[in-house]
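> sharing a sequence plus its predicted fold:
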Amino acid sequence: MARLALLLSAFLLVQVSSAALSPSSYWKHVMPDTRMPDVVRAFLYPDLVEKQATEVGAEGKEVVVNAPGTHVIVGRPGVRVHAPGTYVNVGHGVGVYSGHGRKPVVVRAPYGPFLYNYAASEDQLKYDPNVALFFLEKDLHQGKKMNLQFVRTDGAGPAFVPRAVADATPFSTAKFPDILHRFSLSPNSKEASLMKRTLQECEEPANKGETRYCATSLESMIDFSVSQLGTRHLQVLATEVEKGDNPQKRRTYSVLGGVELVATPTSVVCHNQPYPYAVFYCHKTTASRAYVVPLGADDGSKVNAVAVCHLDTSTWNPKHLAFRVLGVKPGSVPVCHFLPQDHLVWAPVN
């Protein structure tokens, strides 16, 4: 409470609008006919009503978000969120604690395979659970067997903060020392290394034929997808792990009947990144096909998996993980991958 009092005395807080939209309300406002996937809902804090604050002197910005039992505050020292049964503190160590069924987590993630200008490392080939997610489009038929591991997330990762909070928080490699200061992290910590890598990846130039953007809030991801796809009539798809006693176990799945082509040739795909709060690396591709693929294992485990097939891989790194796994060359055949449960495909409604 003493630290909160110091923060409140350092900044002048003013309410801009009592009718500001929460992230979930913004979704309904922009895309009223679009179902919100359960995984997106799991990234939200409940019932946030946003307020903004003004900048005072040279101390920076502070944003307060209040709802019944909820408090989110961003100041120079860090970012804190209080909600019913929830405490998030990324100002004094990167962590998320929740009474809504979430376990305590810290920022952690293997190197992501969905940036196509990077070569695969030997460690990635050995240990990355995403290795098995790559396949060829010709294999997308009923009866095809694949050894796959779907890591069930159930909303265990860092949550979205409202756009006002995200916009008031630096997000660039140029501001990295300030970011570490706000989050009270050592430059040599594992968390700092992962955060810096996310920032660097977000600043990488786009490949030919794609548009990139790192969304630091649900609202900004909605705006990017709507603007890139040119319509508010969108479907948002995520892999759903329906059944299984041990969802992190690698299994032999069979492709079941009912494979559905849901988008071609343009879609926006958003990949969850390691960061103290939810950040998604999104990219629009104009030469891809997206599918929903029902999978079943002998033990009864079932997954409705979202798959994306890239039709032009000629600009990818020749040593990218997909080529190492599949034994094909850039530009030779469409390369496909399943999406982990907390990644998203945005596509126009057909």
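Cool, got the structure.
> contact partners for the most centrally placed residue in the chain?
Central residue of the chain (C-alpha atoms, centre = their mean): N272, 2.3 Å from the mean position. Applying C-beta atoms under 8 Å, 6 or more residues apart in numbering, we find N272 in contact with A109, G157, A278, V279, F280, P340, D342, H343. Heads up, the C-betas are built off the backbone N, CA and C, glycines and all.
> quick one: contacts for L311?
Counted by C-beta under 8 Å, 6+ apart, L311 has contacts P265, A287, S288, R289, P334.
> how about the strands of the stretch 101-250 of the chain, start to end?
Listed in chain order, the strands of the stretch 101-250 of the chain (DSSP state E, counting those that start in this stretch) span 134-136, 145-148, 210-215, 234-237, 240-243.
> mind putting the contacts of N272 in TSV, pLDDT, neighbour count and secondary structure included?
As requested, these are exported to TSV (pLDDT from 0 to 100; neighbours: other C-beta atoms under 10 Å; DSSP: H, G, I helix; E, B strand; the rest coil):
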residue	pLDDT	neighbour count	secondary structure
A109	34	13	coil
G157	73	21	coil
A278	94	22	coil
V279	96	25	strand
F280	96	25	strand
P340	88	23	coil
D342	89	24	coil
H343	93	23	coil
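> nearest to D298 among these?
Distance to D298 across those (C-beta to C-beta) is lowest for P340, with 22.5 Å.
> from R250, how far off is that closest one?
P340 sits at a distance of 14 Å from R250 (criterion: C-beta to C-beta, to the nearest Å).
> by neighbour count, which of the contacts of L311 wins?
S288 (24 neighbours; other C-beta atoms under 10 Å).
> show me what contacts the closest residue in space to L140 that isn't next to it in sequence?
Nearest in space to L140, with sequence neighbours left out and distances taken as C-beta to C-beta, 6 or more residues apart in numbering, is V259 at 6.0 Å. Under the criterion of C-beta under 8 Å, 6+ apart, the neighbours of V259 are L140, H141, Q142, Y291, V292, V293, P294.
> what's the answer for P334, then?
Contacts of P334 (C-beta under 8 Å, 6+ apart): L136, E137, R289, C309, H310, L311, T313.
> again, 7 Å this time
With contacts defined as C-beta atoms under 7 Å, 6 or more residues apart in numbering, P334 is in contact with E137, C309, H310, L311.
> can you give me the helices in this structure?
Assigned by DSSP state H, the chain shows helices spanning 2-10, 23-30, 38-42, 122-127, 163-167, 176-182, 190-202, 218-229, 321-326.
> between those helices, which gets nearest to S254?
helix 321-326 (19.5 Å).
> how many residues are close by L229?
For L229, using other C-beta under 10 Å, the count is 18.
> that one reaches P348, doesn't it?
Yes - between L229 and P348 there is a contact under C-beta atoms under 7 Å: 5.6 Å.
> which neighbours do the two share?
Residues touching both L229 and P348 by C-beta under 7 Å, 6+ apart: none at all.
> so, low pLDDT: which residues of the stretch 1-150 of the chain?
Applying pLDDT under 70 to the stretch 1-150 of the chain flags the ranges 1-19, 46-112, 126-131.
> what ranges do the strands span in the stretch 251-350 of the chain?
Going by DSSP E, counting those that start in this stretch, the stretch 251-350 of the chain shows strands at 251-255, 260-263, 267-273, 279-285, 288-297, 302-310, 335-338, 344-348.
> brilliant, that's me finished.
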